[in-house]
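Undergrad: Everything below, folded, please.
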Amino acid sequence: MATTATEVSICSNAMLRLGADPISSFDEASVTGDNIERVRLAVNLWPTVRRQVLRSHPWNVAVKRVLLSPDAMAPAFGFARRFQRPADWLRTLFIGRDEWERAKYRTEGNYFLSDAADCPLVYVFDNDNPATYDAGLVAALEMAMAAAMAFPVTKSTSLAGELAAEVRSTLMIARGVDSADDPTETLGDSPLMAARMGRRW
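TA: Next up is the predicted model:
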């Protein structure tokens, strides 16, 4: 039976990849000795590494869609409305009712500016629940954490460089598998292409 991933298990496996002792908790009060420094390192790096990896690809487990309402204050000029970006936003995939009919907008600060009455947003969100991650994403995060912690733990610049290359390879495989979960769209699937070919949906 597969073990459910946690933020601690991901960071602990990353430590093992570095030849270091594993960690069993993010709670400093429950560990002693050198492990305290390793726990602090993992706690500090984990949120940044997680967000970086999640932002790098539209992972199926980290895609969300919401319908945003306009903010009370409109932009000074250029657009009629502005929409507050969600607090868990990491990356915009598209804004519009579907990806073939995207709305015109601009991102400024934590807002989307648009003339539309509402804002249908599809985005990558900061999914901080590793129990929902698939095996490929877990492996990619373990490698990414190992690379991030390599020099602080081992003081080896060469190992840090080697792990950075492994992260790229692991991510490429994980992204490919994740993308394969969705049906492949052919050239004729686009409504715009269908219209050009004289076909209506």
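Undergrad: which outside residues touch whichever strand or helix holds Pro120?
TA: In the assignment (DSSP states H and E), Pro120 maps to strand 119-125. By CB atoms under 8 Å, 6 or more residues apart in numbering, the surrounding residues in contact with strand 119-125 are 54-55, 58-59, 62-70, 83, 86, 88-97, 99, 103, 105, 112. Quick note: C-beta positions are derived from backbone N, CA and C, even for glycine.
Undergrad: Can you give me the buried ones in the helix or strand just after that strand?
TA: The helix or strand immediately downstream of strand 119-125 is helix 135-154, counting by DSSP H and E. By 16 or more other CB atoms under 10 Å, the buried positions in helix 135-154 come out as 136-151, 153-154.
Undergrad: now do stretch 40-55
TA: For stretch 40-55, by 16+ other CB under 10 Å, it's 41-43, 45-46, 49-51, 53-54.
Undergrad: buried ones in the longest helix seen in the chain?
TA: In the chain, with assignment by DSSP state H, the single longest helix is helix 157-180. The neighbour-count check on helix 157-180 (16+ other CB under 10 Å) flags 159-160, 163, 167, 170-171, 174-175, 178 as buried.
Undergrad: which residues does the spatially most central residue of the chain contact?
TA: Centroid-nearest residue in the chain: Leu54, 1.4 Å away (criterion: CA atoms, centre = their mean). Going by CB under 8 Å, 6+ apart, Leu54 touches 62, 90, 124, 126-127.
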